[in-house]
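> Show me how the following folds:
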Amino acid sequence: QTQGMPRAAVNAILEDSTGTLWAGTDAGLFSLVGDRWQRLEPTRGLPDGAIWGAHLDAKGALLIAAAAGVFRRPPGSSDFEVLDRFSPGASGGANIPGIRPDEQIWTPRLPSDNVVRSITTDSAGQPFVSDLRAGFRGLGAVDSSRSNHPGRGLQLMFDTRGNMWVATGGQGVWRVSGLSATGGSVVERVTTATGLATEGAFSLLEDRHGNIWAGGSPSGLTRLTPQKFIPVTQESSVTALAISPKGRVWVGTSDALIEIPAPTRLPLTERRHLVGESIRALHVDQRGDLWVGTERELLRLPAGAERFERVGERLRQVDSIASHPQGGVLIADADRGLLRWTEQEGLRFIDLPSDLRGTRFITAYTDRRKRVWLASAAGRIGLLDGVSGVKMFEPDDGFAAGVARIIHEDGRGVIWFGGTNGVTRFAND
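A predicted model of the protein is given here:
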């Protein structure tokens with residue numbers, strides 16, 4: 001749904017305690033009211049300008065990191081209050097060392113140094129923001145809490161143990177402990193030398209087992225366990241992921257298929273399959289069979305088997321694989337289009353309307369209602385329900401996320417599309 005929202009990069013999305021969905025964009029802060037996005041007016045205390053980050057604290061306060069500063073909307077209020085307002089910069093734009101009153105040489109902060117990419121709060125509600133010079137810094141009562149380590153802070157997160165994690169642009173991932181201690185905080189840096197997949201990290205997540213996942217580029221998926229840091233992938237770019245019903249993790253890369261038989265057991269072991277093959281798509285069907293799409297063919301590993309089976313004739317490039325509601329799997333191939341495979345008939349073309357023949361579908365996803373969603377390389381979205389054929393949605397219908405490489409259904413049955421232009425949400429109302 002994009003009604004009311006201009007074409008602008010979406011930097012943050014969250015849902016507050018009242019169920020309102022907020023989107024922070026380069027064009028300001030928007031809330032979803034009914035089926036339409038509404039821009040928050042500056043009269044509410046939040047100035048015009050880009051929104052870089054958003055966070056909902058434990059008490060329900062909405063914190064916003066904007067181009068003009070950091071602002072908070074208390075629970076039950078409609079207006080924002082200032083936590084930290086950025087000055088236009090008194091250094092005159094020159095990166096020239098100066099002298100502090102204590103005679104220590106320092107470098108004045110430039111306006112660009114004040115850009116806050118992420119905001120979070122600790123268990124006591126104290127806010128912390130990312131810092132492009134020092135990794136992170138505290139606001140308000142903890143304003144003096146600043147790292148002594150240089151680092152371009154991009155993403156902050158507190159884990160369930162009270163540690164703060166900082167993802168930086170080129171200085172690894174930091175674990176910060178003791179922020180509330182009088183003796184000062186302790187910063188532990190994790191880099192490629194100590195197990196991180198890549199020095200640059202852009203996203204952080206804590207799973208239910210307490211593992212910290214750090215995502216970066218170009219091959220930057222790393223699991224950080226409470227005991228030690230474990231790189232899940234090393235030299236190759238990760239192209240696809242799948243998990244079997246028995247918990248085996250399959251990682252498709254640019255030059256092999258990696259199997260992690262026991263991802264929760266240490267030490268972590270890996271098995272490499274199809275070495276030399278570029279893995280394009282992975283899918284585990286309802287029977288537990290693993291389907292693998294490469295640049296040249298479609299393979300299947302039946303549940304419990306150890307040998308891959310080649311399925312059907314050669315294909316040029318499998319873009320996506322999904323379960324078909326009526327059995328078998330659906331395959332989107334760059335050359336041959338949309339196909340369905342079953343045990344009885346093998347590979348067969350999907351009968352599409354004449355105006356859709358030749359369309360390249362790059363993403364396929366089956367939701368819980370047994371509907372198949374298709375994303376084309378031209379930015380159109382198709383809905384295959386098995387009854388009325390394929391219904392196509394255009395950008396004018398609200399599907400303006402661009403070319404969607406990610407389709408996901410959340411716990412409430414809402415379908416989310418992540419594309420080149422942002423995010424589109426489809427409700428099943």
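> Could you check how far the spatially closest residue to V249 that is not a sequence neighbour is from A281?
Nearest residue to V249 in three dimensions, chain neighbours excluded: I260, at 4.2 Å (Cβ to Cβ, 6 or more residues apart in numbering). From N, CA and C alone the C-beta is placed, and that goes for glycine too. Applying Cβ to Cβ, to the nearest Å, the value for I260 to A281 is 18 Å.
> Kindly confirm whether my reading is correct that the residue nearest to V249 touches P267.
No: judged on Cβ atoms under 8 Å, I260 makes no contact with P267 at a distance of 11.5 Å.
> Looking only at neighbour counts, state which of these two leads.
A direct count of neighbours by other Cβ atoms under 10 Å for I260 and P267 places I260 higher, at 20 against 6.
> ok, the residue nearest to V249 - contacts?
V232, R248, V249, W250, V251, L268, T269, E270 (Cβ atoms under 8 Å, 6 or more residues apart in numbering).
> ditto for L356
Contacts of L356 (Cβ under 8 Å, 6+ apart): G382, V390, M392.
> got the contact list for the closest residue to the first one other than its chain neighbours?
Take G382 and drop its neighbours on the chain: the residue closest to it by Cβ to Cβ, 6+ apart is L374, 3.8 Å away. Contact partners of L374, counting by Cβ under 8 Å, 6+ apart, are A332, L338, F361, T363, A364, I381, G382, L383, L384, V390.
> P263 - how many residues pack around it?
So P263, with other Cβ under 10 Å, has 17 neighbours.
> tell me the contacts of the closest residue to it other than its chain neighbours?
Spatial nearest neighbour of P263, excluding adjacent residues (Cβ to Cβ, 6+ apart): V249 at 4.9 Å. Neighbour list for V249: L241, A242, I243, E259, I260, P263 [criterion: Cβ under 8 Å, 6+ apart].
> And for the residue lying closest to T264 once chain neighbours are set aside, the neighbour number?
Leaving aside its sequence neighbours, T264 sits nearest to H209 (Cβ to Cβ, 6+ apart; 6.9 Å). By other Cβ under 10 Å, 10 other residues sit near H209.
> now H209, what's its secondary structure?
coil (DSSP: H, G, I helix; E, B strand; the rest coil).
> how close does the residue nearest the centre of the chain sit to R152?
For the chain, S203 is the residue whose C-alpha lies nearest the centre (Cα atoms, centre = their mean; 7.0 Å). Between S203 and R152 the distance is 15 Å, computed by Cβ to Cβ.
> What of Q38?
34 Å.
> Point to the helix or strand of this protein where mean pLDDT is at its lowest.
When each helix and strand of the chain is scored by mean pLDDT, DSSP states H and E, strand 98-99 comes last, with a mean of 37.
> on that earlier part again, look up which helix or strand the residue nearest to G382 falls in, please.
Assessed by DSSP states H and E, L374 sits inside strand 372-376.
> which parts of that strand are buried?
Going by neighbour count (16 or more other Cβ atoms under 10 Å), the buried part of strand 372-376 is V372, W373, L374, A375, S376.
> With distance to L63 and pLDDT added, can I get these in a markdown table?
Output for those, formatted as a markdown table (distance: Cβ to Cβ, whole Å; pLDDT from 0 to 100):
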| residue | distance to L63 | pLDDT |
| --- | --- | --- |
| V372 | 39 | 91 |
| W373 | 34 | 92 |
| L374 | 38 | 92 |
| A375 | 33 | 91 |
| S376 | 38 | 90 |
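> picking that back up, out of the contacts of V249, which are inside strands?
Among the contacts of V249, DSSP state E puts L241, A242, I243, E259, I260 in strands.
> List only those of the residues you listed flagged as buried.
A242, E259, I260.
> Of the residues you listed, which is the nearest to A9?
A242 (29.8 Å; Cβ to Cβ).
> so the closest one makes contact with G288?
No: assessed by Cβ under 8 Å, A242 is found out of contact with G288, at 10.9 Å.
> Helix, strand, or coil at F30?
strand.
> in the sheet, who's paired with it?
A23, R39 (DSSP bridges).
> per-residue confidence for it?
F30 carries a pLDDT score of 91 in this model.
> and it, what does it touch?
G4, M5, W22, A23, W37, Q38, R39, L40.
> and with 10 Å instead?
Going by Cβ atoms under 10 Å, 6 or more residues apart in numbering, F30 touches 4-6, 8, 10, 13, 21-24, 36-40, 51.
> May I see the PyMOL selection of the buried members of those residues?
For the buried members of the contacts of F30, the matching PyMOL selection, counting by 16+ other Cβ under 10 Å, is:
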select buried, resi 5+8+10+13+21+22+23+24+37+39+40+51
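> closest to A404 among the contacts of L356?
The shortest gap between A404 and any of these belongs to G382, at 10.7 Å (Cβ to Cβ).
> looking at it, the closest one is touching A375, isn't it?
Yes: judged on Cβ atoms under 10 Å, G382 makes contact with A375 at a distance of 7.7 Å.
> can you list residues touching both of these two?
F361, A364.
> still on that earlier bit, same list, the ones in strands among the contacts of V249, but as TSV with pLDDT please.
Compiled in TSV, the ones in strands among the contacts of V249 are given as follows (pLDDT from 0 to 100):
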residue	pLDDT
L241	90
A242	91
I243	91
E259	92
I260	89
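> between those, which is nearest F349?
The closest of those, once distances to F349 are taken by Cβ to Cβ, is A242, at 25.3 Å.
> what residues are up against the closest one?
A242 neighbours (Cβ under 10 Å, 6+ apart): 248-252, 257, 281-284, 290-292, 321.
> Make JSON lines out of the contacts of L374 and add distance to S217.
What follows is the contacts of L374, written out as JSON lines (distance: Cβ to Cβ, whole Å):
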{"residue": "A332", "distance to S217": "25"}
{"residue": "L338", "distance to S217": "31"}
{"residue": "F361", "distance to S217": "26"}
{"residue": "T363", "distance to S217": "21"}
{"residue": "A364", "distance to S217": "25"}
{"residue": "I381", "distance to S217": "27"}
{"residue": "G382", "distance to S217": "30"}
{"residue": "L383", "distance to S217": "33"}
{"residue": "L384", "distance to S217": "33"}
{"residue": "V390", "distance to S217": "35"}
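> I only care about these that end up buried; give me the PyMOL line for that.
A single PyMOL command selects the buried members of the contacts of L374 (16+ other Cβ under 10 Å):
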select buried, resi 332+338+361+363+364+381+382+383+384+390
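> Closest one of the contacts of L374 to A193?
Distances from A193 to the contacts of L374, taken by Cβ to Cβ, are shortest for T363, at 36.9 Å.
> Could you check how far the closest residue to D367 other than its chain neighbours is from F202?
Spatial nearest neighbour of D367, chain neighbours left out: E409 (4.7 Å); criterion: Cβ to Cβ, 6+ apart. Computed as Cβ to Cβ, the E409 to F202 distance reads 24 Å.
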